[in-house]
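> no letters, just coordinates:
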């Protein structure tokens, strides 16, 4: 059983399109996150939800919108994709905001 | 601003050749320092959390230590399967702060 699963694993799309990435965790954790890893492997926080409530919203373009339908799911929707959005996006979860993170295996987004 | 700097960026070792990775940090009140391992094409995998200066944690060939300004990940007699990128992250003690990651050290161990 995969603890944190993301779909799709790869996503290739053209500039201007809208796309979504889905994330589910079966660990019973209360807190979920989206991180972006750029081409230099630098991991940066985008959003965090605790019990379905947004608690961290870093300086991210409004084109990115997270949605948490329940505590086990956190999806990421991206509007009007740009070339600079190409990266690997990681979903993660933790028992609470100060506990260690458990990461999914990432979604590699390529915008052409 | 919270910041994490890891060195070296890359490290090549022979099997059995022990070494250390460095993580220097600045944070306004440390809640925790975390070490992760990341294999190619995978998400980071949690290794250790350290909370206060002087604390040490061990797991197999890995040992993490913490001072007020830096953390070391010591690798004793590494094996090829220890090859990976090792990430350090800190979390400040202000409410609503997430983990701030360093850029990682890529370790290659050859037999």
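In hand now; what should we look at? Fair warning: this is a prediction, and the values are worked out from it, not measured in the lab.
> name the nearest residue to the residue in chain B positioned nearest to chain A, ignoring sequence neighbours.
Per Cβ to the nearest Cβ, residue B:43 is where chain B lies closest to chain A, at 3.1 Å. Yep, even glycine has a C-beta here, placed from its N, CA and C like the rest. Closest residue in space to residue B:43, ignoring its immediate chain neighbours: residue A:103 at 3.1 Å, by Cβ to Cβ, 6 or more residues apart in numbering or on different chains.
> contacts only, for that neighbour.
A:4, A:35, A:90-92, B:43-45 (Cβ atoms under 8 Å, 6 or more residues apart in numbering or on different chains).
> about what we covered before: and the residue of chain B closest to chain A, backbone torsions?
Main-chain torsions, residue B:43, degrees, to the nearest 10: phi -80, psi 160.
> correct me if wrong: it contacts residue A:105.
Yes: Residue B:43 is in contact with residue A:105 according to Cβ atoms under 8 Å; the separation is 4.9 Å.
> returning to what we had before: now the buried members of the contacts of residue A:103.
A:4, A:35, A:90-92, B:43-44 (16 or more other Cβ atoms under 10 Å in any protein chain shown).
> let me have those in a markdown table, extended by distance to residue A:12.
Below are the buried ones among the contacts of residue A:103 laid out as a markdown table (distance: Cβ to Cβ, whole Å):
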| residue | distance to residue A:12 |
| --- | --- |
| A:4 | 23 |
| A:35 | 21 |
| A:90 | 18 |
| A:91 | 19 |
| A:92 | 23 |
| B:43 | 20 |
| B:44 | 24 |
